[in-house]
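Asks: No letters, just coordinates:
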């Protein structure tokens, strides 16, 4: 080899040795300091004892003291991260504060895991197997930040937010005993079994972390308990809490339809999966609305005037049937990829169109069958749902299956451009899929079978058992085929996985109705707008507005309003040169249908004012379901009460 060639070879070797060269191993990831143990299905050798003090209602701070035994020298404690019913990482770690740990009176240092912020590493002193833990849960003060859970008159406590538990075990294997202090004179309700009551508070019977975390407590100054199944061996109770005592005044007729809900559910499912069931029902505008399912109870919040202004609040009355149905669908029978051994193992939400979609379907059906809603009120709600998906632009690019990831992606935060990005459509589009399936079964079986038969066969097994039974997509298909042989796998995949631009209205059409639009809103739409204080023009110019100040809440993607740049964070100031008024805007839309002139709107976004001219001549459009007499009225059959 020549000198020149040797020099070139040496130069290449030097270059290869330089930092960053491809042959260099480069930076390597660091392992976790102490791995967090994977949960194993084995008995926990100790127990948890919790003392919860919820008396500080002025500051809305809950103080927790916890004693844990059976620990090893190296221990990891977990704060719940993946919350059941939320289907996402919504454990409120930002509201967890003031953590201290002691053993035999001496402080025990703790270290947060550098990767998993919900895990806390402890090194116990020699011989210590029991520790005392104290921390505060800072319940939200302002609804501008998070939903309000406590007021001076009532509170909603979720035990899952009020504990640390040891890693390495299934939560069903960890025993816990808890006590609770409430403000003097307050009443309470929970699915937890009470052991004793004394001046220091309530002590609940020993249970598991799984059952404890799944058993919220409602408490307040003003409460009423209503037996919904008098004389039954299995108690079902409507526990009502309110801002004021007069709001508790449910009439005998109103109580009767709630009792009918229980009987219609039993008629549908032919079983129950609770030792007793407690509706925890808050009628309040001081705390934030919610509906959350639990195995033996549900957290429900409605308008304060649900009972006292019954005729105006029909839209609120699907809530209880929905959450009650979850005791069968979601808690007893649960998607296999949504069930986890503890609250820090990731969930997967692929079957939420069954978990939530079919529950939404049965929520409306049971509301109609029980008399909580009239037949027409449910039809009106179905029309609003159908219209939403008839216009929703996001269905042109995103499948329903992909929307099941929404809770994980955005953690239930409000989003802009929801018509385009899509939201939790597995609820209402899922409802339409199951309406499609029901009417198809009815058609193919000449009315001999329906989705009722599926519900009894799928959710009605193991009567009286609380043990969770999981299911997969194939299990759903198999159960449908057992009721009515058909290619159900293809039926569901086309509706769930595929991009479908046409509106999913087959169930409505086969059910004997068609979606139509008129210039007059339905009674349900009027009531919903009144309760929400909104003006719904999504099916005309494409706007949803705050009725009080003209602020835009949502814009339909591709609508006339969208085309002139109207969007959230914009306020309507004037219509045709006159100060904004909801009726003035409706009148301008009606006039444009005749004179074909653009609708001039003065709007404000930030500190900028401008006038836009909305090109629209279609008039006011509100959705309704119209009877198609050429088709059998299968929708009417679906909503008819079942004989007891």
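Replies: Cool, the structure landed. Quick caveat: nothing in here was measured; it's all calculated off a predicted structure.

Asks: going forward, measure contacts and count neighbours with C-alpha atoms only.
Replies: Fine.

Asks: Just give the nearest non-adjacent residue to residue 156, would you?
Replies: Excluding the flanking residues, the one nearest residue 156 by Cα to Cα, 6 or more residues apart in numbering is residue 218, at 4.7 Å.

Asks: Quick check: the closest residue to residue 45 other than its chain neighbours vs residue 47, distance?
Replies: Spatial nearest neighbour of residue 45, chain neighbours left out: residue 70 (5.1 Å); criterion: Cα to Cα, 6+ apart. Distance from residue 70 to residue 47, counting by Cα to Cα, to the nearest Å: 7 Å.

Asks: Isn't residue 592 up against residue 620?
Replies: No - using Cα atoms under 8 Å, residue 592 makes no contact with residue 620, being 10.0 Å away.

Asks: Where does the residue nearest to residue 45 sit, in terms of helix or strand?
Replies: In the assignment (DSSP states H and E), residue 70 maps to no helix and no strand.

Asks: that older thread, show me which of residue 70 and residue 47 is the more surrounded one.
Replies: Higher neighbour count among residue 70 and residue 47: residue 47, with 22 against 14, using other Cα atoms under 10 Å.

Asks: so where do the helices sit in the stretch 101-250 of the chain?
Replies: In the stretch 101-250 of the chain, the helices defined using DSSP state H, counting those that start in this stretch lie at 209-213.

Asks: Check the stretch 501-644 of the chain too.
Replies: 506-510, 523-532, 560-563, 582-595, 634-639.

Asks: Need those helices in JSON lines (columns: distance to residue 227, mean neighbour count and mean pLDDT).
Replies: Compiled in JSON lines, the helices of the stretch 501-644 of the chain are given as follows (distance: least, Cα to Cα, whole Å; neighbours: other Cα atoms under 10 Å; pLDDT from 0 to 100):
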{"stretch": "helix 506-510", "distance to residue 227": "36", "mean neighbour count": "22", "mean pLDDT": "98"}
{"stretch": "helix 523-532", "distance to residue 227": "28", "mean neighbour count": "16", "mean pLDDT": "93"}
{"stretch": "helix 560-563", "distance to residue 227": "50", "mean neighbour count": "18", "mean pLDDT": "98"}
{"stretch": "helix 582-595", "distance to residue 227": "43", "mean neighbour count": "16", "mean pLDDT": "97"}
{"stretch": "helix 634-639", "distance to residue 227": "25", "mean neighbour count": "19", "mean pLDDT": "98"}
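
Asks: Just tell me which of the ones you listed ends up closest to residue 66.
Replies: helix 523-532 (41.5 Å; Cα to Cα).

Asks: For that closest one, which helices and strands make contact with it?
Replies: helix 375-391 (3 or more Cα pairs under 8 Å, 6 or more residues apart in numbering; DSSP states H and E).

Asks: residues touching the closest residue to residue 69 other than its chain neighbours, list them.
Replies: Spatial nearest neighbour of residue 69, excluding adjacent residues (Cα to Cα, 6+ apart): residue 130 at 4.2 Å. Residue 130 makes contacts with 67, 68, 69, 70, 71, 103, as judged by Cα atoms under 8 Å, 6 or more residues apart in numbering.

Asks: how far away is the last one from residue 129?
Replies: It refers to residue 103. 8 Å.

Asks: for the fourth one, same thing?
Replies: With distances defined as Cα to Cα, the gap from residue 70 to residue 129 amounts to 6 Å.

Asks: Quick check, residue 40 in contact with residue 170.
Replies: Yes - applying Cα under 8 Å as the test, residue 40 and residue 170 come out as touching, 5.9 Å apart.

Asks: quick one, which of these two is more surrounded?
Replies: Per other Cα under 10 Å, whichever of residue 40 and residue 170 has more neighbours is residue 170, with 22 against 15.

Asks: Skip the chain neighbours and tell me the closest residue to the more buried one.
Replies: In space, residue 170 is closest to residue 341, 4.9 Å off (Cα to Cα, 6+ apart).

Asks: Could you report the neighbour count for that neighbour?
Replies: 18.

Asks: what's near enough to touch it?
Replies: Contacts of residue 341 by Cα under 8 Å, 6+ apart are 39, 169, 170, 171, 172.

Asks: Quick check, the first one in contact with residue 172.
Replies: If I follow you right, that is residue 39. No - with contact defined as Cα under 8 Å, residue 39 does not count as touching residue 172 (10.9 Å).

Asks: Quick check, pLDDT for the residue nearest to residue 96 when sequence neighbours are not counted.
Replies: Leaving aside its sequence neighbours, residue 96 sits nearest to residue 137 (Cα to Cα, 6+ apart; 5.1 Å). Residue 137 carries a pLDDT value of 98.

Asks: Could you verify my assumption that residue 137 touches residue 99?
Replies: No - judged on Cα under 8 Å, residue 137 makes no contact with residue 99 at a distance of 10.1 Å.

Asks: neighbour count winner among these two?
Replies: residue 137 (21 against 12).

Asks: Let me see the domain layout of the chain.
Replies: Listed by automatic domain parsing, the domain ranges of the chain are 36-221, 333-511, 540-620.

Asks: With distance to residue 263 as extra columns, can I get the ones you listed in TSV?
Replies: Formatted as TSV, those follow (distance: least, Cα to Cα, whole Å):
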stretch	distance to residue 263
domain 36-221	20
domain 333-511	8
domain 540-620	38
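
Asks: Tell me which of those domains sits nearest to residue 298.
Replies: domain 36-221 (8.0 Å).

Asks: Ends of that closest one, what's the gap?
Replies: Where domain 36-221 begins and where it ends lie 43 Å apart, using Cα to Cα.

Asks: what's the answer for stretch 509-528, then?
Replies: Note: stretch 509-528 ends 25 Å apart using Cα to Cα.

Asks: so how far is that stretch from its chain's centroid?
Replies: 26 Å (Cα atoms, centre = their mean, to the nearest Å).

Asks: what's in contact with it?
Replies: 312-315, 377, 380-381, 383-384, 386-387, 436, 439-440, 508, 619-636.

Asks: now do 7 Å
Replies: With contact meaning Cα atoms under 7 Å, 6 or more residues apart in numbering, stretch 509-528 is reached by 312-313, 315, 377, 380-381, 383, 439, 508, 620-629, 631-635.
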